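**Student:** Below are the sequence and a predicted model for it; my questions follow.
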Protein chains: 2
Amino acid sequence: MMTPAYTPPVEEGEEVTVGALLAPDILVMLEENPDAIAAETDELHAKDLADVAQALPREMVAPFLSALPVERAADVLEYLNEDLRTEVLETMSVRQAAELVTEMTPDDRADTLEGLEEETTEGILSEIPAAERAETEKLLAYRPDSAGGLMTTEFVSVSQDTPVDEALAAVRRIARSERREAMNTIYTTDSAGRVQGVMSLRELLAAPEGAKVSDIAWEEVQTVPITADREEVARLVREYDLVAVPVVDENGVIQGVVTVDDVIDALVEEHTEDVQRFGGMEALDMPYTQIGFFSMIGKRAPWLAALFLSEMLTTTAMGHFQGELEKAVVLALFVPLIISSGGNSGSQATSLIIRSLALGEIKLRDWWKILLRELPSGLMLGAILGLMGIARILIWQQLGIAHYPHPNLLALTIGVALVGVVTFGSLAGSMLPFVLQRLGFDPASASAPFVATLVDVTGLSIYFYVALLILSGTLL
Amino acid sequence: MMTPAYTPPVEEGEEVTVGALLAPDILVMLEENPDAIAAETDELHAKDLADVAQALPREMVAPFLSALPVERAADVLEYLNEDLRTEVLETMSVRQAAELVTEMTPDDRADTLEGLEEETTEGILSEIPAAERAETEKLLAYRPDSAGGLMTTEFVSVSQDTPVDEALAAVRRIARSERREAMNTIYTTDSAGRVQGVMSLRELLAAPEGAKVSDIAWEEVQTVPITADREEVARLVREYDLVAVPVVDENGVIQGVVTVDDVIDALVEEHTEDVQRFGGMEALDMPYTQIGFFSMIGKRAPWLAALFLSEMLTTTAMGHFQGELEKAVVLALFVPLIISSGGNSGSQATSLIIRSLALGEIKLRDWWKILLRELPSGLMLGAILGLMGIARILIWQQLGIAHYPHPNLLALTIGVALVGVVTFGSLAGSMLPFVLQRLGFDPASASAPFVATLVDVTGLSIYFYVALLILSGTLL
C-alpha cells in the first residue's frame, strides 16, 4: 500500500521497536493523508506511538502529535524522552502546548513542566484551566523525589459508610466519564477526608450485596506523609506488594496516590545513582547523554580531588620508607600489585555490605558479626593471593626471567604482606558502610575508589613493616 | 489488658515494625488464649503478621501460624524471610506443611518449595491435591529467573466474543469464589487460547452495555515468551507502565501472568547483582547473611585471582624501569598516587556508561560519541589533579617538609603524567563496557577493580615515559 520514503537508522543486532518500524508509513501518511493516522494507530499503546515520534525527523513530531486526538497526544507526550518532549513543547504555540498539557495526568503534567524553561512553564500555566493550574502548581511545590512529587491527584475515594452497590455505581460512573490514573485501589475516608480503609477494585466487586464499604475495607492502611522520601514509598510498595500508596498530610487527609509505575521509575533511578556513587562520583541525576559538559565535570571533579588529596598520604608513607627503598629498589616493583589487591578485596566487601544494609538484611548493630565473618574471609583470600605471589617470584627466578636478591625471603615478604593487606582490605571495606551510616551519611557513599584509597595508605605501611621484619639484616 | 512477657530486641534509632510491637502480646495470647489470635489480627496485612513471626522466638512461629486460618497462614508464609520459612516448614509435619503450601499462590508455592531440601519438597508435593501438584511441578520446571519461573497461573481470561455483561458477571463470580492473584488485568483469547486482547478491570467496568469484550480490549498486547529473561519482563513493565504481563508459549497460548510485585523483586535483585559485580565479584544470588563461607569465597576468589594475575604486569612494567628507579627513587614515591588517580577516573566513567547502556540511553554504535566526550572530560579532570600534584610538590619543597631533587622538573613530570593517566583512565573506563558488550559479555561485568587494573599497567608506562622525557639529563 505504501512505500516508505524515510528509513530511520537501525543498528545491526539492536532491538527494533514497533514504533521504529511504523515511522516510515506514518511519515508518508503525514504528507498524504494525516486524517487517517488516528484511526490507523488507535490500537497501539501510547509508548509505541512515542517510539514512532522518536523515530520521525524532529520537525515532524509536532505535526504527528497534532494528527492524533488531543487526549491521545497527551498520553504519547508522557512517554517521550524528556529532551524530545521539551523540544516539541517549546516549538509549539503556547496555546497548543497548553491544550496538550491539560490532558496529561496531574503528576506527569507537573513533571513535564518542571523540565521546561521557567518562562515557557509560566506561559503554559497561564493558558490551562484554573482547576488544573491550581492542582499543577500545588504538585510543582513538592520536591520531585518526595511522595508529594511522585503522587497523582486522580484517585478514587468514598465515604466509609457508603453502601457497596452505591460505591460500585460511583466507580463505574467515574470510570466511564473521567480518566482516573489510580483506580485499582479504592480508599475509604471519614467525613474529614482522613484515610480509614483500603480495598482493591476486585474486593469491591466481590463484596456481598447490602454491605457497606467499611465492612469490606482493610483498616490497616499503609500511608506515607507527603514529604516522605521516594525510597520510603518504594520500600512500602516492595514489602507490602502494593500497586498504589496513599499520600496523606499531617492530619491524615488523603492528598494523592503514588502508583506502582512511578515507584518502578524511582527504583531504576536509585539504581543508577547507586552505581554512579559506587563508581566514585556524585549521581548525575539526569541521563549521561543530556548533561552538560561542565555539569558533568562538577559531579566528577570534587570526588576525584578529594580522593587525590587522601591518596597523597601514600606519597608521605612511601617517603617514610625512602631509605629502605634506596637499599632495595626491588621492593618498589611490588607496590602496585600489593596495594591493588587490598583495594580489590575491599571493594568486594563494600559492595556486599552496602546492599545488605540497603535491603535490611543486616542492621547497624550487626557490625561485629560482619567483622567476625570478614576476618576469616580476608585471611583465606589473602592466603590464596599470597601463594600466587610467592609462586610468581620463585618461578620467575627459576626461569631466569628475573634475578631477585634473596628470592626466598622476598617471596615470603610478598606472601605475608598480601595476607595482611587483603585481610585489612576486607575488614576496612566491610566496616566503611557501617561507619558512614553511624555518622549519618548514606552507607552507599562508600565507593570502590574510596575504599581503595583507604586501603592504599595502610596497605603500604603493612607492606614495608613486613619487609623490615623479614628482610632486616639481608636486603635491608 | 496484657503485660508483655517477652521483648524482642529493638535497636536504638531503628525503625520499629508493627509486627515487632505486637509480638509480645501475641506471645501471651499464644499461651493463654490462642483461639483469639485470628480475630485480633484479622485487619492486619500478611506482611505485618510475618513481622510478628520474625519477632517471635523461633519455636513459637509454627504454633502462631497454626492459630491463624489456613489461607491466612499461607499468606503470612509468603512474606517470611526465606530462612525462617524453610525452618518452619521443615519442623512441621509433612501434612501440616502441605496444607499450608496448598493455599499459597502458585508462583510463591513453587518458590517456597524450591528453597527446601529436595526430600522435604517431594514429601510435601506428594501430600498436596493432584491439580495443585501438577501446576507446581510445571512451574518448578522453569528457570527461577525466567518469565515461566516468575509467573502465576491464577489469572482471568475470557473468550473474545463474550458480551461485556457476561464477562463482568464471570469476573465477579471468580472474585467471590476463588483467589486470583492477577486480577487487575483481563485477557481475551481466541478458541485456541491465544491472547487476542487486554483490558483493565476498570475498562471492563466502564464498557457500554451490550458491547462484546473484543470491542473494548486493546489488540496490541505486550506478551513475553515463557523462556524470556526476567530483565526482558522488567523492561516491558517499566516501559509500558504495566501491572501484569501475560506469558505465552510458542503458539501464543497464554500460560500465566507475571505481576508487578514480582517484577519489583526482580529489579531489586538485579540491582544487588549489579552492585556486587561492579564491586569486582560474582553476584552472590542470595543474602550475604545466608550464604555459606566457602560459597562466598567461591564468588570472590576467582575474580580476585584473575585481577591479581593481570596486576602482575605492573611488576613487569616497573621492572622494565628498574634502572630509572635506582637512579631516582623519588619517582617511586608517586606511583600509588598517579595510578590510583587513573583508576578512579576510569571507575567513574565505567559506572556512567554501564548504566547508560543498561537504560538504553546509548547504543553500541554510539561508542565514538562517548569517546569524543570522555576525551575532553579526561583532559580537564587530569589538569585539575595535575595542578594539585604540582602544588603539593612545590609547597612541600617550599615549607621544607620534603627535599626533592630538581623540584620544578619533578613537579612538571607529575603534572603531565597525571593529565595523561587520568585521560587514559576516562577513555579506558568508558570504552570497556562497549568492548565487553561487543564481545557478547554483559557490559555490567566491567567492575571498578577491572578498570583500575587495566589503567594501573598502562598508567605506569605513561608515568615513566613522561619522566624519561622530562628528567633525562637531570635526574635520569
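**Tutor:** Perfect, I can see it now. Residues are numbered from 1 along each chain as shown, chains lettered A, B, ... in the order given.
**Student:** Can you give me the neighbour number for residue A:326?
**Tutor:** Applying other C-beta atoms under 10 Å in any protein chain shown, we find 14 residues neighbouring residue A:326. (Each C-beta comes from the backbone N, C-alpha and C, glycine too.)
**Student:** Go ahead and report the secondary structure state at it.
**Tutor:** Three-state call for residue A:326 (DSSP: H, G, I helix; E, B strand; the rest coil): helix.
**Student:** mind checking how far it is from chain B?
**Tutor:** Distance from residue A:326 to chain B, counting by C-beta to the nearest C-beta, to the nearest Å: 5 Å.
**Student:** What of residue A:249?
**Tutor:** 22 Å.
**Student:** Per-residue pLDDT of that residue, please?
**Tutor:** pLDDT for residue A:249: 93.
**Student:** Can you name the residues that contact it?
**Tutor:** Contacts here follow C-beta atoms under 8 Å, 6 or more residues apart in numbering or on different chains; on that basis residue A:249 touches A:225-226, A:255.
**Student:** Also residue A:48?
**Tutor:** By C-beta under 8 Å, 6+ apart, residue A:48 lies in contact with A:17-19, A:22, B:220.
**Student:** Quick one, grab the pLDDT at it.
**Tutor:** Residue A:48 carries a pLDDT value of 92.
**Student:** mind listing the helices for the stretch 351-476 of chain A?
**Tutor:** Here the stretch 351-476 of chain A has its helices, by DSSP state H, counting those that start in this stretch, at A:367-399, A:407-438, A:448-471.
**Student:** close to chain B, is stretch A:24-44?
**Tutor:** Yes: interface with chain B: stretch A:24-44 contributes A:43-44 (C-beta under 8 Å from any C-beta of the partner chain).
**Student:** Please state the mean pLDDT value computed over that stretch.
**Tutor:** The average pLDDT for stretch A:24-44 rounds to 89.
**Student:** Show me which positions of it end up buried.
**Tutor:** A:24-30, A:37, A:41, A:44 (16 or more other C-beta atoms under 10 Å in any protein chain shown).
**Student:** Of these, which pair is most distant in space?
**Tutor:** Among the buried residues of stretch A:24-44, the pair separated by the greatest distance (C-beta to C-beta) is A:28 and A:44, at 17.0 Å.
**Student:** Could you give the backbone dihedrals for residue A:188?
**Tutor:** For residue A:188, the backbone dihedrals (degrees, to the nearest 10) come out as phi -110, psi 140.
**Student:** Please name the residues that touch it.
**Tutor:** Contact analysis of residue A:188 by C-beta under 8 Å, 6+ apart lists A:157-160, A:162, A:195-199, A:213-214, A:217.
**Student:** Any chance of the buried residues of stretch A:24-44 in TSV with secondary structure as columns?
**Tutor:** Converted to TSV, those look like this (three-state DSSP):
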residue	secondary structure
A:24	helix
A:25	helix
A:26	helix
A:27	helix
A:28	helix
A:29	helix
A:30	helix
A:37	helix
A:41	coil
A:44	coil
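**Student:** Residue B:314: which of the residues you listed is nearest?
**Tutor:** residue A:24 (53.6 Å).
**Student:** nearest spatial neighbour of whatever residue of the stretch 301-450 of chain A ends up closest to chain B, skipping sequence neighbours?
**Tutor:** Closest residue of the stretch 301-450 of chain A to chain B, C-beta to the nearest C-beta: residue A:351 (2.5 Å). Nearest in space to residue A:351, with sequence neighbours left out and distances taken as C-beta to C-beta, 6 or more residues apart in numbering or on different chains, is residue B:279 at 2.5 Å.
**Student:** and the gap between the residue of the stretch 301-450 of chain A closest to chain B and residue A:300?
**Tutor:** Going from residue A:351 to residue A:300 by C-beta to C-beta, to the nearest Å gives 20 Å.
**Student:** Report the contact partners of residue A:406.
**Tutor:** Neighbouring residues of residue A:406 by C-beta under 8 Å, 6+ apart: A:471, A:474-475.
**Student:** How about residue A:227?
**Tutor:** Contacts here follow C-beta under 8 Å, 6+ apart; on that basis residue A:227 touches A:142-143, A:146-148.
**Student:** Quick check on the residue nearest to residue A:351: phi, psi?
**Tutor:** Per-residue torsions, residue B:279: phi -70, psi -10 (degrees, to the nearest 10).
**Student:** Could you pull out the helices in the stretch 151-300 of chain A for me?
**Tutor:** Secondary structure of the stretch 151-300 of chain A (DSSP H, counting those that start in this stretch): helices located at A:164-177, A:201-206, A:213-216, A:230-240, A:260-278, A:293-320.
**Student:** want to throw the ones you listed into a markdown table with mean neighbour count?
**Tutor:** Supplementary listing: the helices of the stretch 151-300 of chain A in a markdown table, determined by neighbours: other C-beta atoms under 10 Å in any protein chain shown:
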| stretch | mean neighbour count |
| --- | --- |
| helix A:164-177 | 16 |
| helix A:201-206 | 21 |
| helix A:213-216 | 18 |
| helix A:230-240 | 20 |
| helix A:260-278 | 21 |
| helix A:293-320 | 18 |
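**Student:** I'd like those laid out as JSON lines, including distance to chain B.
**Tutor:** Formatted as JSON lines, the helices of the stretch 151-300 of chain A follow (distance: least, C-beta to the nearest C-beta, whole Å):
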{"stretch": "helix A:164-177", "distance to chain B": "4"}
{"stretch": "helix A:201-206", "distance to chain B": "4"}
{"stretch": "helix A:213-216", "distance to chain B": "11"}
{"stretch": "helix A:230-240", "distance to chain B": "5"}
{"stretch": "helix A:260-278", "distance to chain B": "4"}
{"stretch": "helix A:293-320", "distance to chain B": "4"}
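**Student:** Which of these sits closest to residue B:440?
**Tutor:** Of all those, helix A:260-278 comes closest under C-beta to C-beta, at 21.6 Å.
**Student:** The closest one vs helix B:230-240, what angle?
**Tutor:** In terms of direction (axes from the mean of the first three to the mean of the last three C-alpha atoms, to 10 degrees), helix A:260-278 departs from helix B:230-240 by 120 degrees.
**Student:** pLDDT below threshold where in chain A?
**Tutor:** Within chain A, the ranges that satisfy pLDDT under 70 run A:1-16.
**Student:** Try it again at 50.
**Tutor:** Applying pLDDT under 50 to chain A flags the ranges A:1-13.
**Student:** quick one, domains of it?
**Tutor:** In terms of domains, chain A is parsed into A:18-143, A:155-276, A:310-471 (source: automatic domain parsing).
**Student:** Does residue A:444 touch residue A:276 like I think?
**Tutor:** No: the pair residue A:444 / residue A:276 is not scored as a contact, 10.2 Å apart, by C-beta atoms under 8 Å.
**Student:** Quick check: the gap between the closest residue to residue A:412 other than its chain neighbours and chain B.
**Tutor:** Among residues not flanking residue A:412 along the chain, residue A:470 sits closest, at 5.7 Å (C-beta to C-beta, 6+ apart). Using C-beta to the nearest C-beta, we find residue A:470 at a distance of 18 Å from chain B.
**Student:** Near chain B, which residues of the stretch 51-200 of chain A are found?
**Tutor:** Residues of the stretch 51-200 of chain A lying close to chain B by C-beta under 8 Å from any C-beta are A:171-172, A:175-176, A:180, A:183-184, A:200.
**Student:** Then the stretch 351-476 of chain A?
**Tutor:** Contacts of the stretch 351-476 of chain A with chain B, taken as C-beta under 8 Å from any C-beta, map to A:351-356, A:359, A:361-365, A:373, A:376-377, A:380-381, A:384-385, A:388-389, A:392, A:402, A:422, A:447-449, A:452-453, A:456, A:460.
**Student:** and those residues, which are buried?
**Tutor:** By neighbour count, with 16+ other C-beta under 10 Å, those hold A:351-356, A:359, A:361-363, A:373, A:377, A:380-381, A:384-385, A:388-389, A:392, A:402, A:422, A:447-449, A:452-453, A:456, A:460 as buried.
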